[in-house]
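**Q** Task: produce atomic coordinates for the following.
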Amino acid sequence: MCVQCQANARPITGMYNNYSVGFENCNCMPGYSNANSGDVCVACDVGKFKDESGSAECMSCPDNSEVLGVGNKDCLYNVGYYGPDTTVCTACGIASFKNTKGTAECTTCLFEQFSGVASTSVSDCSGCAAGKHVSRVIFEAEMSEYASGCSTVDIRGRFDDTDTMWETYPM
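**A** Numbering: from 1, shown residues only. As a prediction, this is how the structure comes out:
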């Protein structure tokens, strides 16, 4: 005899039309868990998520991300952060920024501009004063803090053209 899966659940792969042979053949949908509630699929609490079907517990969002409301299947990266999935948030590197929450990638500052790590606005990108250039140190090390991004040494002089410099030290 087929029964309908409980609310917020779907049949295990291979079963159709939201009907199954008993609740044991149903999985809670992403954003819902029955790990602590038996046969009832309960929405993940605020600050927690579950990104796959099944009975696993909801997980806390990683640092620098959040969820809004309940029943979330992923976390939103805070401004200034991005990542390949919902388990790790990475700060935007120097010479980039991200001004929206969500999964979008960081945006690169204009050529010969730089910013601090985890920058949140295009206005965080700045260039150097007259006679100074972006320091090679910025491009050769991922430094979270630096005294000055500008130097009297012009790294462009090491290359025949701007495109070669761009490929060697991408921003």
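**Q** From here on, just use CA atoms for contacts and neighbour counts.
**A** OK.
**Q** Would you state the helices of this protein in chain order?
**A** Listed in chain order, the helices of the chain (DSSP state H) span 136-140, 162-168.
**Q** average pLDDT across the last one?
**A** Averaged across helix 162-168, pLDDT comes to 42.
**Q** Which pLDDT does the model give the nearest residue to residue 40 once chain neighbours are set aside?
**A** Nearest in space to residue 40, with sequence neighbours left out and distances taken as Cα to Cα, 6 or more residues apart in numbering, is residue 34 at 5.7 Å. Residue 34 is assigned a pLDDT of 88 by the prediction.
**Q** do the same with residue 127
**A** On pLDDT, residue 127 comes in at 82.
**Q** Touching, the residue nearest to residue 40 and residue 53? I think so.
**A** No - if you go by Cα atoms under 8 Å, residue 34 and residue 53 don't touch, sitting 10.7 Å apart.
**Q** joint contacts of these two?
**A** residue 28 (Cα atoms under 8 Å, 6 or more residues apart in numbering).
**Q** buried ones in stretch 78-97?
**A** Neighbour counts using 16 or more other Cα atoms under 10 Å place 78-83, 86, 89-97 of stretch 78-97 among the buried residues.
**Q** contacting residues around the residue nearest to residue 40?
**A** Under the criterion of Cα under 8 Å, 6+ apart, the neighbours of residue 34 are 28, 40-42, 55-57.
**Q** how about 7 Å then?
**A** By Cα atoms under 7 Å, 6 or more residues apart in numbering, the residues touching residue 34 are 28, 40-42, 55.
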